[in-house]
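# Any chance you could fold what I've pasted below:
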Amino acid sequence: MEQGYTTTQEHTRPETLARLAELNEAYEKKFGFRFVVFVNGRSRDEIVSVLEHRLETGNAEKELMTGLREMVNIAWSRWGKLEGTSHLEYLLPDPE
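Numbers count the residues shown, from 1 in each chain. Here you go, the predicted structure:
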């Protein structure tokens, strides 16, 4: 599971991992595609909140656009890490 940043698996509570699994399944069932988020140093507990919010407020079209924006931001971040630069100026903002 690549959702949320922790330095080791031991720092994530089992109930948080179980909640993420439950929410991921609900998200995929509701929207028909997988949940994507640019973690950017957030904990798994923070990702739970993001996922809960998006399940409550999203629709398939909005979530598809959000997921694409998140994937672009992930790519920019990873490219910057490979080059040893930031690329943060290229991140796409959340329209909300």
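# Show me what counts as buried in stretch 51-58.
By 16 or more other Cβ atoms under 10 Å, the buried positions in stretch 51-58 come out as 51, 54-55, 58. C-beta here means a position set from N, CA and C on the backbone, and glycine is covered the same way.
# helices and strands around the strand or helix carrying K81, which ones?
Using DSSP states H and E, K81 falls within helix 60-83. When contacts are defined as 3 or more Cβ pairs under 8 Å, 6 or more residues apart in numbering; DSSP states H and E, helix 60-83 sits against helix 14-31.
# centroid residue for this structure?
Of all residues in the chain, the one closest to the mean position by Cα atoms, centre = their mean is V37, 1.8 Å from it.
# give the contact list for that one.
If a contact means Cβ atoms under 8 Å, 6 or more residues apart in numbering, then V37 has 3, 47, 50-51, 70 as its contacts.
# quick one: least confident of those?
Within these, pLDDT reaches its minimum at Q3, with 52.
# picking that back up, phi and psi next, for the residue nearest to the centre of the chain.
phi -150, psi 140 (degrees, to the nearest 10).
# Which per-residue confidence value corresponds to it?
96.
# distance of it from E83?
Computed as Cβ to Cβ, to the nearest Å, the V37 to E83 distance reads 23 Å.
# Low-confidence ranges, the protein, go.
1-10, 87-88, 90, 95-96 (pLDDT under 70).
# Mind doing that once more with 80?
Low-confidence segments of the chain, defined by pLDDT under 80, are located at 1-10, 85-96.
# The contacts of V37 in helices, which ones?
Assigned to helices by DSSP state H, the following of the contacts of V37 qualify: 47, 50-51, 70.
# neighbours around E28, how many?
The local packing of E28 (other Cβ atoms under 10 Å) involves 12 other residues.
# these two touch, right, it and E22?
No: counting by Cβ atoms under 8 Å, E28 does not reach E22; the two are 11.2 Å apart.
# Can I get stretch 35-54 as CSV, trimmed to CA atoms?
Output of stretch 35-54 as CSV, limited to C-alpha atoms (Å, rounded to 0.1, in the frame of the first residue of the first chain):
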residue,chain,number,x,y,z
PHE,A,35,-8.2,6.3,-5.6
VAL,A,36,-5.2,8.5,-6.5
VAL,A,37,-3.7,11.1,-4.2
PHE,A,38,-0.4,13.1,-4.2
VAL,A,39,0.7,12.1,-0.7
ASN,A,40,3.5,14.7,-0.4
GLY,A,41,4.6,13.8,3.1
ARG,A,42,1.1,13.3,4.6
SER,A,43,0.5,10.5,7.0
ARG,A,44,-1.8,7.6,6.4
ASP,A,45,-4.2,9.1,9.0
GLU,A,46,-4.3,12.3,6.9
ILE,A,47,-5.0,10.2,3.7
VAL,A,48,-7.9,8.6,5.5
SER,A,49,-9.5,12.0,5.9
VAL,A,50,-8.8,12.9,2.3
LEU,A,51,-10.4,9.7,1.1
GLU,A,52,-13.4,10.1,3.3
HIS,A,53,-14.0,13.6,2.1
ARG,A,54,-13.7,12.7,-1.6
